[in-house]
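**Student:** Okay, predicted coordinates and the sequence, questions at the end:
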Amino acid sequence: MQNMLQNNGKQLKSKADVSGIENLIRATLKKHKSPFMMIRRCVLEKQYLRFRKCLPEVTPYFAIKSNPHPLIVKTFIRLGASFDVASAWEMMNVLRLGATPDRIIFANTIKSVEDIITARKRRVKMMTFDNEPELYKISEHYPGAHVVLRIKVENQGSVVELSLKFGADADSAIHLIRKAKSLGLNPVGLSFHVGSQSKNVENYLQALEISAGIFKESKDSGIPLRIMDIGGGFPIQHFDNEIGINFERMASQIRKQIKMLFDRKVKFIAEPGRFLVGPAGILVTQVIGRTFRNNKNYYYLNDGIYADFSGMVFDHCKYEFKTLRRGHKFLSALAGPTCDSFDTLSMNAEIPELYVDDVVYVKNIGAYSSASAVANFNGFPPAKVILI
Ligand SMILES: Cc1ncc(COP(=O)(O)O)c(C=O)c1O
């Protein structure tokens, strides 16, 4: 009985949530032309506070590659976040918006000379590396920089694999840390990335164990490290009924591991992207054409794979397509507006029958979507980002 009440309560709440979101979409459509990406400020705040609450000893450096929109960056500056940047362009972006250099990590293990010089000029001291040639480059153009060694760790079960291209073997860590020191750099810590949308907490636990071993070895060889960067990868729910994602539980296991393996003086940081901005985004598109082919209804939307659904390619992401119509659902195809068959979004979306101008929207699409959209391919502009 108790359960039934709870379930009913949940259902009522989720129905209220749905109608709240749909009313918001209707209201916004009166003011803005679609496609648009609504970013809900209250959700950015909620996710940031959730991260802080669940991992209080870990300082979040928002990975702005997930969505560099200035209003999002400003929101995180106001909340007191730090930033992970991948290039001088991103660095200048967050600095211009008011972040201070001491709150930035240049977290790309391969940096151009020009970008290293920009970091020096802008006093962004902390940067990652994972190989010796990079150390020579940094030491020449930014002597004394604070370098963080990124190690390769398991990415098992993560949707986006990041260890293929980055990370030094743990076996070579001490050699690289010593090398950094001998070149006049300041080796301050370690970092890893377990892969994006990592539902598997074991990746973090194992990576922390390996890192703790390197911390000890480095201390024993006279180079104590003080920063442990646990990267990004924290997963979000993309579908309403998706199971197996529980950030709170994951964070509590990570905390336990940190407490068990590391000295209290070690400073922990992380580079969450998707977790902070993904749930805040709702993409609103409209049907611009429809036809019946291959035995199903095809609906052509005014946004597609080259623009705000680019995450289907680059982020390996799948989305839940929703409409404002109710009624019997049919297996239908959804496609973007460009003259390319590749621009097909789904061959089996379960949706009611739609007409031209009807809305198709997707929740939890704030990360790796507009960030990787191509401007004006075939003349179709990406969605306007609206912070609400
Ligand atoms: C170095 C680095 N840090 C952080 C992130 C953000 O990861 P996520 O969005 O999974 O939190 C990425 C994503 O590619 C990355 O490459």
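**Tutor:** Happy to help now that I have it. None of the values given here were measured: they were computed from a predicted structure.
**Student:** looking at this, residue 287 is in a strand?
**Tutor:** Yes. Under DSSP: H, G, I helix; E, B strand; the rest coil, residue 287 sits within a strand.
**Student:** surely it meets residue 297?
**Tutor:** No. Using Cβ atoms under 8 Å, residue 287 is not in contact with residue 297; the gap is 10.2 Å. All C-beta atoms are positioned from the backbone trio N, CA, C, and that covers glycine.
**Student:** Can you pull the residues that touch both of the two?
**Tutor:** residue 354 (Cβ atoms under 8 Å, 6 or more residues apart in numbering).
**Student:** Is the residue in the chain that the ligand sits nearest to part of a helix or strand, or is it coil?
**Tutor:** Closest contact between the chain and the ligand, by Cβ to the nearest ligand atom, is at residue 232 (2.4 Å). Residue 232 carries the three-state label coil when classified by three-state DSSP.
**Student:** Going forward, count from 43.
**Tutor:** With the count now opening at 43, the last piece we talked about shows up as residue 274.
**Student:** Please report how far it lies from residue 285.
**Tutor:** 22 Å (Cβ to Cβ, to the nearest Å).
**Student:** which one of these two has more residues nearby?
**Tutor:** residue 274 (29 against 8; other Cβ atoms under 10 Å).
**Student:** Please work out how many residues are found near residue 82.
**Tutor:** Quick note: residue 82 (other Cβ under 10 Å) scores 18 neighbours.
**Student:** excluding its backbone neighbours, what's nearest it?
**Tutor:** Closest residue in space to residue 82, ignoring its immediate chain neighbours: residue 322 at 5.0 Å, by Cβ to Cβ, 6 or more residues apart in numbering.
**Student:** There's contact between the one you found and residue 81 in this structure, I believe.
**Tutor:** Yes. Using Cβ under 8 Å, residue 322 is in contact with residue 81, at 5.0 Å.
**Student:** Quickly list what's touching both of the two.
**Tutor:** 114, 408.
**Student:** More neighbours: which of these two?
**Tutor:** residue 322 (27 against 22).
**Student:** Next, the contact list for the more buried one, please.
**Tutor:** So residue 322 contacts 81, 82, 83, 85, 86, 89, 114, 408 (Cβ under 8 Å, 6+ apart).
**Student:** Among the residues you listed, which one has the most neighbours?
**Tutor:** For these, neighbours tallied by other Cβ under 10 Å; top is residue 408, 31 neighbours.
**Student:** got the residues of the protein near the ligand?
**Tutor:** 105, 108, 126, 149, 204, 235, 238, 273-276, 313-317, 409 (Cβ under 6 Å from any ligand atom).
**Student:** rerun that using 5 Å as the cut-off
**Tutor:** Counting by Cβ under 5 Å from any ligand atom, the chain comes close to the ligand at 105, 108, 149, 238, 274, 275, 313, 314, 315, 316.
**Student:** Quick check: bridge partners of the fourth one?
**Tutor:** Translated: residue 238. With DSSP bridges applied, residue 238 shows beta-bridge pairing to residue 202.
**Student:** ok, it touching residue 315?
**Tutor:** Yes. Using Cβ under 8 Å, residue 238 is in contact with residue 315, at 7.5 Å.
**Student:** ok, residue 113 - contacts?
**Tutor:** By Cβ under 8 Å, 6+ apart, the neighbours of residue 113 are 81, 427, 429.
**Student:** repeat for residue 391
**Tutor:** 363, 373, 374, 375, 376.
**Student:** quick one, phi/psi of the nearest residue to it once chain neighbours are set aside?
**Tutor:** Nearest non-adjacent residue to residue 391, counting by Cβ to Cβ, 6+ apart: residue 363, 4.6 Å away. Residue 363 adopts backbone torsions of phi -90, psi 130, taken as degrees, to the nearest 10.
**Student:** Provide the partner residues of residue 363 in its beta bridges.
**Tutor:** Those that pair with residue 363 in a beta bridge, by DSSP bridges, are residue 404.
**Student:** quick one: the strands in the stretch 43-192 of the chain?
**Tutor:** Using DSSP state E, counting those that start in this stretch, the strands of the stretch 43-192 of the chain run over 78-81, 100-105, 124-127, 146-148, 168-171, 188-192.
**Student:** And those: which comes nearest residue 347?
**Tutor:** With Cβ to Cβ as the criterion, residue 347 lies closest to strand 78-81 of the strands of the stretch 43-192 of the chain, at 15.2 Å.
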